[in-house]
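Undergrad: Sequence plus predicted model, see below.
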Amino acid sequence: AQKVTQAQTEISVVEKEDVTLDCVYETRDTTYYLFWYKQPPSGELVFLIRRNSFDEQNEISGRYSWNFQKSTSSFNFTITASQVVDSAVYFCALSENDKIIFGKGTRLHILP
Amino acid sequence: GAVVSQHPSWVICKSGTSVKIECRSLDFQATTMFWYRQFPKQSLMLMATSNEGSKATYEQGVEKDKFLINHASLTLSTLTVTSAHPEDSSFYICSAGRLAGGMWEQYFGPGTRLTVT
């Protein structure tokens, strides 16, 4: 069974638009971590956020914000006022038993 | 802090040869290291988990005799792709994990791009 589902394979938006990347996860653990990573064309993973399963507070960091809802097993990521430099593949991931399992990723294109 | 390096960053080898990739935690001791493989336009797939001084645990479908993992110290793990074939061409990413302040932390290396000709 797929643990992390990113239903949006590819998204294109025009610069300055807001965009939300969806992530739905599945786990039987009561304690787990959720992550978002950015992977630019260089390939190196850029860590964006880690969220503990006990902390459902939403988080904002500059133009980035995350909405964690345990009731729907979702951990969505929103970029406000998108910029061309935001173009990348974004991975949502779940940590189980110290292993990080990745979703299939969403390729985001920000068009100038 | 918490930097993980990989060497080489890219390598081209001929079919049938073996290639070794190193993963180092530069400023911390990693009790566990993980190896991932990423094919073009796909996600990262966990290949194996290794603890220092122990045999690696491979994920289902990963050939342990083909992908040799050595975790000889708390700062170094190596992945050797033996008798490489073109289908082994991929982006290999390691990560190093540690327990810090009661929390598990994991850091990713920059990746190694392997091309087998």
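TA: Okay, I see it. Numbers count the residues shown, from 1 in each chain, chains lettered A, B, ... in the order given.

Undergrad: Every contact and neighbour count from this point should use C-alpha atoms.
TA: OK.

Undergrad: ok, which residues in chain A are in contact with chain B?
TA: A:43, A:44, A:45, A:98, A:101, A:102, A:103, A:104, A:105 (C-alpha under 8 Å from any C-alpha of the partner chain).

Undergrad: now, the most widely separated pair of these?
TA: The distance between the two most remote of those (C-alpha to C-alpha) is 22.8 Å, for A:43 and A:98.

Undergrad: So residue A:16, which state does it fall into?
TA: coil (DSSP: H, G, I helix; E, B strand; the rest coil).

Undergrad: Spit out the contact partners of it.
TA: Contacts for residue A:16 (C-alpha atoms under 8 Å, 6 or more residues apart in numbering or on different chains) come out as A:80, A:81, A:82, A:83.

Undergrad: out of these, which is most surrounded?
TA: Greatest neighbour count in the contacts of residue A:16, by other C-alpha atoms under 10 Å in any protein chain shown, goes to residue A:82: 22 neighbours.

Undergrad: State the pLDDT value of it.
TA: Residue A:82 is assigned a pLDDT of 97 by the prediction.

Undergrad: Hmm, residue B:52 and residue B:31 touching each other?
TA: Yes: Residue B:31 lies in contact with residue B:52 (C-alpha atoms under 8 Å); the separation is 6.1 Å.

Undergrad: any common contacting residues for those two?
TA: Common neighbours of residue B:31 and residue B:52 (C-alpha under 8 Å, 6+ apart) are residue B:74.

Undergrad: Return the residues in contact with residue 9.
TA: This is for chain A. A:104, A:105, A:106, A:107.

Undergrad: was after chain B, sorry
TA: B:110, B:111, B:112, B:113.

Undergrad: Counting only strands, which of the residues of chain A next to chain B make the cut?
TA: Counted as lying in strands by DSSP state E, out of the residues of chain A next to chain B, are A:101, A:102.

Undergrad: Do a quick rundown of the strands in chain B.
TA: So, for chain B - with DSSP E - the strands run B:4-7, B:10-13, B:19-25, B:32-38, B:44-51, B:57-58, B:67-73, B:76-81, B:90-100, B:103-108, B:112-116.

Undergrad: Near chain A, which residues of chain B are found?
TA: So far as C-alpha under 8 Å from any C-alpha goes, chain B lies against chain A at B:42, B:43, B:44, B:45, B:46, B:104, B:108, B:109, B:110, B:111.

Undergrad: Count the neighbours of the nearest residue to the first one once chain neighbours are set aside for me.
TA: Residue nearest to residue B:42 in three dimensions, not counting chain neighbours: residue A:104, with 6.5 Å by C-alpha to C-alpha, 6 or more residues apart in numbering or on different chains. The tally of other residues near residue A:104 (other C-alpha under 10 Å) stands at 23.

Undergrad: Looks like residue A:104 contacts residue B:43 (just checking).
TA: Yes: applying C-alpha under 8 Å as the test, residue A:104 and residue B:43 come out as touching, 4.8 Å apart.

Undergrad: for chain A, what spans make up the strands?
TA: Along chain A, counting by DSSP E, strands occupy A:4-5, A:10-14, A:19-21, A:24-25, A:33-39, A:46-52, A:59-61, A:64-69, A:74-79, A:88-96, A:99-102, A:106-111.

Undergrad: any idea which of those is most buried?
TA: Each of these was scored by mean neighbour count; the highest is strand A:88-96, a mean of 24, by mean count of other C-alpha atoms under 10 Å in any protein chain shown.
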